[in-house]
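>>> return a 3D structure for these sequence lines:
(2 chains, ligands or ions: 1)
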Amino acid sequence: MYTPHTQADIAAMLETIGVASLDDLIRVPDDVALKVPLDIVPALPEYQIARRFAHFAEKNSGARATSFLGAGAYRHYVPPAVAALAMRGEFLTAYTPYQAEVSQGYLQTIYEWQTYICLLTGMDIANASVYDGATALAEGAIMAINETGRTRLLVSRAVNPNYRAVLQTYCSGLDVAIDELPIAADGGTDCSGVAAAVADKNYAAVILQSPNFFGVVDTLPKAAGQAALASETVPIAVIAEAMALGALATPASWDAQIVVGEAQSFGNALAYGGPYVGFIAATEKHLRRIPGRLVGKTVDKHGEPAFTLTLQAREQHIRRERATSNICSNQAHCALIATIYLALLGSTGLRDVAALNLERSRELASAVGGIDGCELRFNGPFFNEFVVRLRRPVEEVLAALRTRHILGGVPLGRFYPEYADSMVMTATELTTTGEIASLTAALKEIMHAPALV
Amino acid sequence: MPPRSSDHCAAPLIFEQGALGRANRYVESGKPLETFLPHRLLRDDLPLPDNSELDVVRHFTRLSHRTFGIDTGFYPLGSCTMKYNPRVNDAMANLPGMRDLHPWTDDALAQGALQVMYELERSLSSLFGMAAFSLNPSAGAHAELTALLIAKRYFKELGQTRRDKVIVPDTAHGTNPASAAMCGFKVISLPSDARGRVSLAEIEKVLGDDTAVCMMTNPNTLGLFEDDIRRIAAAVHAVGGLMYYDGANANALMGNARPGDMGFDLMHLNLHKTFTIPHGGGGAGHGPVGVAAHLVEYLPTPVVAWQADPDADPSLAPSDRLRFRLDFDRPKSVGPVRSFWSNFAHAVRALSYIYANGAQGLTKVSQLAVLNANYLRVKIGEFLDIPYDEPCRHEFVASAAGLKKRTGVRALDLAKALLDRGYHAPTIYFPLLVPECLMFEPTETESKETLDGFVAALREIVQTAERDPEAVLAAPVTTVVGRIDETRAARYPNLRWRPRGEALQR
Ligand SMILES: Cc1ncc(COP(=O)(O)O)c(C=O)c1O
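So this is what the prediction gives:
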């Protein structure tokens, strides 16, 4: 229960308050008083809680399998120093730093996070975080919608389908319509129609993800970017695999004005989907529309440097229904983890991780692409994942791999009926040559077996 | 020059330290990036600092010393439920079987995770009297948005698209109206009555066939129980509207009363308040959204579905005899509100906390939270005004308006003086209707000794204010910085470090 009260404490406190019993103190009107027994899990002493959760963890056999899963969540090496620092109680048990004088440390980590995101994306400003990559996209789109007063979005079909689904959910509340840009033969976005589409000044934003859901480096061609800017359509870049920022040209270099994304890859655990950490960065002119917390550097009354939450007139606690967003709690601790990770890796380390992701994924691609019955679907340049087309039904192949404790990839059929014969496969710096060899052996067997199990 | 060690010296930024090539060998690749991608796709430079692991460890350890958490001291921040965060919860979330599980793992190989989500969802539904919860939303505000989208979809389904008004009391948290606006609703603010509550008469004035949702919390943000809640809910239902419960104050209720029984159709919980998930400096939180039976099919996707496992050993616990799967096939759903299924590591923490308590323990938690708040209310009432002076629930508000009139010392100044005495400040200037408002929420995990020490410190501050206001106005003096120049922060925004000379180029 984690409550320190003795019977004597309770008696003394009740006497001070002037009520006879705890029951008298907490009584509620009879028409709302609880009348049914509660059906919740039984109370256990701590050593049995540990046993119960060890049992749950044991049942998650997928956590121990050889995995080629990515598609929006990535397995990367995390130095133990990350947890040792991030799990310090001062960080872990702080609230949002409303009282700046006793929160200088946390505020500084957020300022450093904002800086890291700016340096990586090439943008001028970044906020203190949002919930995850998908909500970052939705919030970034809302920035563009509010700025332009337009209610249509032009979104590449190669943007992570989970992100597009969340964008759709948010847009349903705002009566905003979404049009799609098609996928080109090389796995990038077909941007040939962008210039014509934006000319009518109907679109608030044009949205591309790079690397996209198929792993392909996918940027806005210069002419399309210029056409968008000329019609005041905001180019938005989505980054679902932040590790790629260690190698790829910044979204700023291809005219993005708002960059949104997911920074899970920077030190945050897979944890079956969360918590992760969304970021929003933008060029200076979007400053007043950016959602959520911002930390600024200023001075204290003695003129000494100090940090504080700032530009709060954008936020819900001041602006209420006229705020730029409803966000209050964000993902500060996940952003702290990412900040510590980036501090430890540095430019040398981050570049090396990116290089290893490029290398391991190429080793995987050439091994899988060399198997009869498996074929690389697209030939666009990729970062650490790619699409494989299978001669046999994808679900059957994945099931056969599972019996060999291999998680082979993420099937595309649920999101792209036209690619129902394909899956996304991912390799990171943690993917070993041995793992690739067992996968290849298994796939050869499966592809050539007369019938699948 | 290494960073100076005193916590009182300004800490250099990580960007002002290090030297290129001072790398840690976590990974190593000798290959140039051009081996893999054409030069035109690659970045020109990556201007991040290279620091040794020791310097990074010192940097963040130093910053932690400049940060106040529950582990540092008493944190009576109203509306935030800053209770002790048990370490066992973190250990459970960090089991490799939890931590390393990929969200795209097939359901069959993630049965333990799905069982955690199932057990948490079922427990919350029973505890708060809802038909079902979705673990999809990431925080309270996110859940408010989700719930209002559900309401919007529900009314659309009924053909009642005229319903575009959301009613929020003037004591409501800012996220309530902001969430309503994000769903395209118009906000109607409702004045509280003389007792600090929503009055039936007042709400009836604004109800109509354009009413969509009435958002309330109970106890409200003054810490007062809305004793008319059943009649208010009935009035809203009578015009066809829905009732939404903001669960930020759920720590007052467990085992005693349930939003479902009060007439609420939709609600959220802040698991990062009531269920001991660490706030981590402002998140990540976890904000499950709960619904009554008629709204279950609108919940975000996916939901955890279950069926009996025919092969299971009958001697096992009931939930161990089920098979679970993620169900995406929900045609009436509002759709997902986040990338993946839930803030799962936090679901583990919350369930671990429920296991530590059970139904009886959680009931006791709420009772003692209310006890601590009332004890503090009576003691603080000896030297500060308590505008609504009656038994409160888990929190209460005091006002420094009288003190300000006499001495010039405001709520803000009392807050800063508390920092000097090793305490975190209460929430100040919220709710908006109480002038010079101080909102105290002690939580149940604090001992009588801690509360007594806090009262003594605050009493001493108020006495000092009456005698020597300047001394209080100067606070804080013991912290690493003095009061912050907020105006300058907003007027000349400096939101990031820039490499030397770069500012000039732009
Ligand atoms: C009454 C109330 N409602 C809603 C919220 C928003 O919750 P969150 O910060 O989890 O989004 C808060 C948080 O402070 C609150 O106190």
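
>>> pLDDT weak spots in the stretch 1-150 of chain A?
Within the stretch 1-150 of chain A, no stretch falls below the threshold (pLDDT under 70).

>>> equivalent analysis for the stretch 151-300 of chain A, please.
Screening the stretch 151-300 of chain A residue by residue with the criterion pLDDT under 70, one finds no matching range.

>>> that one: strands as residue ranges?
Counting by DSSP state E, counting those that start in this stretch, the segments of the stretch 151-300 of chain A that form strands are A:152-156, A:177-181, A:203-209, A:234-239, A:258-262, A:278-282, A:295-299.

>>> other SSEs contacting the second one?
Taking 3 or more CB pairs under 8 Å, 6 or more residues apart in numbering or on different chains; DSSP states H and E as the contact definition, the neighbouring helices and strands of strand A:177-181 are strand A:152-156, helix A:161-174, strand A:203-209. Glycine gets a C-beta too; all of them are placed from N, C-alpha and C.

>>> so what strands line up beside the first one?
Using DSSP bridges, the strands paired with strand A:152-156 are strand A:177-181 (parallel), strand A:203-209 (parallel).

>>> out of those strands, deepest packed?
Highest mean neighbour count among the strands paired with strand A:152-156 (mean count of other CB atoms under 10 Å in any protein chain shown): strand A:203-209, with a mean of 27.

>>> what angle separates that one from helix A:161-174?
Taking axes from the mean of the first three to the mean of the last three CA atoms, to 10 degrees, one finds strand A:203-209 and helix A:161-174 inclined to each other by 160 degrees.

>>> export strand A:203-209 as CSV, just CAs?
Listed in CSV are the C-alpha atoms of strand A:203-209, where the atom choice follows Å, rounded to 0.1, in the frame of the first residue of the first chain:
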residue,chain,number,x,y,z
TYR,A,203,-3.5,22.1,-49.5
ALA,A,204,-2.2,23.1,-46.0
ALA,A,205,0.8,20.7,-46.3
VAL,A,206,2.5,18.1,-48.4
ILE,A,207,3.8,15.2,-46.3
LEU,A,208,6.6,12.8,-47.0
GLN,A,209,8.4,10.3,-44.8
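
>>> count of residues packed around residue 196?
Going with chain A. 10 (other CB atoms under 10 Å in any protein chain shown).

>>> that's the other chain; I wanted chain B
Per other CB under 10 Å, the neighbour tally for B:Gly196 reads 21.

>>> for A:Ala57, same thing?
A:Ala57 sits with 24 neighbouring residues when counted by other CB under 10 Å.

>>> how about it, secondary structure?
Reducing the assignment at A:Ala57 to three states with DSSP: H, G, I helix; E, B strand; the rest coil gives helix.

>>> that one: what's it in contact with?
Applying CB atoms under 8 Å, 6 or more residues apart in numbering or on different chains, one finds that A:Ala57 lies in contact with A:63, B:95-98, B:112.

>>> tell me which of those residues is nearest to B:Gly280?
Proximity to B:Gly280 was ranked across those by CB to CB; first place goes to B:Met98, at 17.3 Å.

>>> pretty sure that closest one is touching B:Arg349, no?
No - contact criterion CB atoms under 8 Å: B:Met98 and B:Arg349 do not qualify, at 10.2 Å.

>>> tell me, what's touching the two both at once?
B:Met92.

>>> residue of the stretch 1-150 of chain B with the smallest distance to chain A?
Of all residues in the stretch 1-150 of chain B, the one sitting closest to chain A is B:Gly97 (2.7 Å; CB to the nearest CB).

>>> mind listing what's buried in the host helix or strand of that residue?
When elements are defined using DSSP states H and E, B:Gly97 is found to belong to helix B:96-99. Along helix B:96-99, the positions that meet the burial threshold by neighbour count (16 or more other CB atoms under 10 Å in any protein chain shown) are B:97-99.

>>> again with stretch A:213-223
With the criterion 16+ other CB under 10 Å, stretch A:213-223 contains buried residues A:213-221.

>>> Three-state assignment for A:Asp39, please.
A:Asp39 falls in the coil class when you classify it by three-state DSSP.

>>> so it touches B:Phe128, yeah?
No - contact between A:Asp39 and B:Phe128 fails when scored by CB under 8 Å: they sit 12.0 Å apart.

>>> who has more neighbours out of the two?
Neighbours per residue, other CB under 10 Å: of A:Asp39 and B:Phe128, the larger number sits with B:Phe128, 25 against 11.

>>> can you name the residue of the stretch 351-500 of chain B nearest chain A?
Across the stretch 351-500 of chain B, the shortest distance to chain A (CB to the nearest CB) belongs to B:Gly358, at 2.7 Å.

>>> just flag the most distant two among the contacts of A:Ala57.
Distance extremes for the contacts of A:Ala57: the farthest pair is B:Pro96 and B:Gly112 at 11.8 Å, using CB to CB.

>>> all helices for the stretch 1-150 of chain B, in order.
In the stretch 1-150 of chain B, helices defined by DSSP state H, counting those that start in this stretch lie at B:53-65, B:87-93, B:96-99, B:111-128, B:140-157, listed in chain order.

>>> please identify the most buried of these.
Between the helices of the stretch 1-150 of chain B, helix B:140-157 has the highest mean count of neighbours, a mean of 26, where neighbours are mean count of other CB under 10 Å.

>>> centre of the chain to it, how far?
Distance of helix B:140-157 from its chain centroid, counting by CA atoms, centre = their mean, to the nearest Å, is 19 Å.

>>> what is it packed up against?
Judged by 3+ CB pairs under 8 Å, 6+ apart, helix B:140-157 is in contact with helix A:161-174, helix B:175-182, strand B:211-216, strand B:242-247, strand B:266-269, strand B:289-291.

>>> near chain B at all, the longest one?
The reference is to helix A:161-174. Yes - part of helix A:161-174 sits near chain B under the criterion CB under 8 Å from any CB of the partner chain, namely A:162-163, A:165-166, A:168-170, A:172-174.

>>> out of these, which is most surrounded?
A:Tyr163 (29 neighbours).

>>> contacting residues for that one?
Going by CB under 8 Å, 6+ apart, A:Tyr163 touches A:72, A:133-134, A:137, A:209, A:238, A:240, B:339.

>>> recalculate using a threshold of 7 Å.
Under the criterion of CB atoms under 7 Å, 6 or more residues apart in numbering or on different chains, the neighbours of A:Tyr163 are A:133-134, A:137, A:238, B:339.

>>> which two in those residues are spaced the farthest apart?
Pairwise across the contacts of A:Tyr163, and taking CB to CB, the largest span is found between A:Val238 and B:Ser339, at 11.3 Å.

>>> okay, the two: which has more neighbours?
Legend: neighbour count by other CB under 10 Å for A:Val238 and B:Ser339, higher for A:Val238 (32 against 28).

>>> just checking, that one touches A:Gly261?
Yes - taking CB atoms under 7 Å as the contact criterion, A:Val238 and A:Gly261 are neighbours in contact, 6.0 Å apart.

>>> and for residue 433, the neighbour number?
Using chain A. Around A:Thr433 sit 10 other residues, with neighbours defined as other CB under 10 Å.

>>> let me rephrase: I mean chain B.
A count of neighbours around B:Leu433, defined by other CB under 10 Å, yields 16.

>>> not counting sequence-adjacent ones, nearest residue to it?
Leaving out its chain neighbours, the residue that sits closest to B:Leu433 by CB to CB, 6 or more residues apart in numbering or on different chains is B:Asp170, at 5.2 Å.
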